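Peer 1: below are the sequence and a predicted model; questions follow.
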Amino acid sequence: MSLIPRNPDQKPQLSLFRSHLDFLKHGRGEHSENQTRLNEILKIFKQSSDLGCALDLSGERLATRDELMRVHTADYIDRVFAMEGKQGEIDHETPLSEGSVRAARLAAGLGLELVDQVLDGPAKNGFLMARPPGHHARPSHGMGFCIFNTLALMAHHALCRGVQRILILDWDVHHGNGTQESFYGEDRVLFVDLHQESLFPKDTGMAQERGEAKGLGFTFNIPLPHSCGDADYLAVLRKWVAPRVSAFRPELILVSAGFDAHISDPLGSMSLSTTGYGQMTLLVKAWAEEFSQGKVIFNLEGGYDPAALAKNVFECARVLAGFQPHPLSGGGEVRDDLEDWMAKVIP
């Protein structure tokens with residue numbers, strides 16, 4: 001893979017890219033969320049002379065029961081733990097293989113460890129490339145391919161560490177209902193979710209869902225019409241999301257980085273490109289530089305065209321590492337109805 005060099009005046013930064021081969025032991029090959037997704041990501045990193053050595057596959061950090069209880073109920077955790085080493089299912093969409101429970105605990109544990117590494121140094125930012133994904137996992141049950149909610153656990157860990165304001169940006173094509181539920185009454189977390197309208201889950205993600213009690217106004221759902229592309233996503237982030245980020249001034253940014261809004265993905269109907277993901281990463285990174293001393297962590301969620309997924313992840317990683325994103329090519333016009341759509345969906 002060729003990379004566009006850093007600006008000569010730009011100081012190199014330390015980015016931590018974490019994964020683990022045990023994530024390959026989760027799931028069944030015929031399922032959409034299968035081992036090929038991660039294998040393609042590992043392959044593209046291995047082929048890179050610039051970032052290949054930056055991918056850390058070590059670490060045996062498993063989230064403990066007490067740590068999982070920051071987000072999930074004791075009853076649900078016990079039910080999941082009872083399935084360790086067995087085949088089974090959380091629901092019909094979320095099958096388990098013998099290695100699934102360990103993989104889910106490992107994803108959460110490495111996520112907590114990555115939070116510590118970014119908060120304490122030497123890392124400035126990071127990307128956890130784990131599976132299973134997590135943003136659909138609700139406190140009392142998993143769903144939608146997700147067992148434990150890794151990103152929600154990472155956010156709670158940062159709150160326990162004393163971080164006062166956390167931005168969670170979820171750009172997966174599906175609504176992060178589990179993450180929303182975890183922070184619906186919390187004013188220390190600004191949850192922003194861009195997703196395809198009424199895709200999955202069909203009964204969540206409406207703009208009218210804005211939080212409750214002291215968390216009212218700290219949930220910001222943006223359901224988008226199908227076929228939105230790079231220019232549309234960037235316009236939404238710059239015009240409607242950036243002012244809220246500026247007012248909130250996050251001390252840490254966490255990104256639920258799903259890549260199923262890519263134009264080739266079989267489970268969504270959006271039109272993002274690989275370069276679009278790179279440009280969105282550059283924008284989020286700029287927010288982090290302005291408000292959180294550069295501290296931003298990406299966590300892998302969806303993305304079900306494995307070859308495209310690998311390219312998208314790699315593009316985001318290289319931007320996090322300080323390389324310039326590839327420029328957008330063609331199709332750079334914002335759709336004509338975007339202003340009217342946003343006026344309709346924003347309460």
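Peer 2: On my side now, so go ahead.
Peer 1: the longest strand seen in the chain pairs with which strands, and in what direction?
Peer 2: Across the chain, the longest stretch assigned as strand under DSSP state E is strand 189-196. Paired strands of strand 189-196, with direction, are strand 166-170 (parallel), strand 219-224 (parallel) (DSSP bridges).
Peer 1: buried residues in the longest helix anywhere in the chain, which are they?
Peer 2: As assigned by DSSP state H, the longest helix anywhere in the chain is helix 100-120. By neighbour count on 16 or more other CB atoms under 10 Å, the buried set for helix 100-120 is 100-115, 117-119. The C-beta positions use only the backbone N, C-alpha and C, and glycine is treated the same way.
Peer 1: stretch 298-310 now?
Peer 2: Neighbour-count burial for stretch 298-310, counted by 16+ other CB under 10 Å, picks out Phe298, Asn299, Leu300, Glu301, Gly302, Gly303, Tyr304, Asp305, Pro306, Ala308, Leu309, Ala310.
Peer 1: just stretch 73-82 next, same as before
Peer 2: Judged by neighbour count (16+ other CB under 10 Å), stretch 73-82 contains these buried residues: Tyr76, Ile77, Val80.
Peer 1: so where's this protein shaky on pLDDT?
Peer 2: Applying pLDDT under 70 to the chain picks out residues 1-13, 330-331.
Peer 1: now the most centrally placed residue in it. Nearest residue, chain neighbours left out?
Peer 2: The chain has Ser256 as the residue nearest its centroid, 1.6 Å off, counting by CA atoms, centre = their mean. Nearest-residue entry for Ser256: Asp170, 3.7 Å, with adjacent residues in sequence omitted and distances by CB to CB, 6 or more residues apart in numbering.
Peer 1: report the beta-bridge partners for the one you found.
Peer 2: On the basis of DSSP bridges, Asp170 is bridged to Asp193, Ser256.
Peer 1: what are the boundaries of the strands in this protein?
Peer 2: All strands of the chain, identified by DSSP E, fall at 15-18, 55-56, 88-89, 95-96, 125-128, 166-170, 189-196, 219-224, 252-257, 296-300.
Peer 1: so the residue nearest to Gly144 when sequence neighbours are not counted versus Lys285, what's the distance?
Peer 2: Leaving out its chain neighbours, the residue that sits closest to Gly144 by CB to CB, 6+ apart is His136, at 3.3 Å. Separation of His136 from Lys285 (CB to CB, to the nearest Å) stands at 26 Å.
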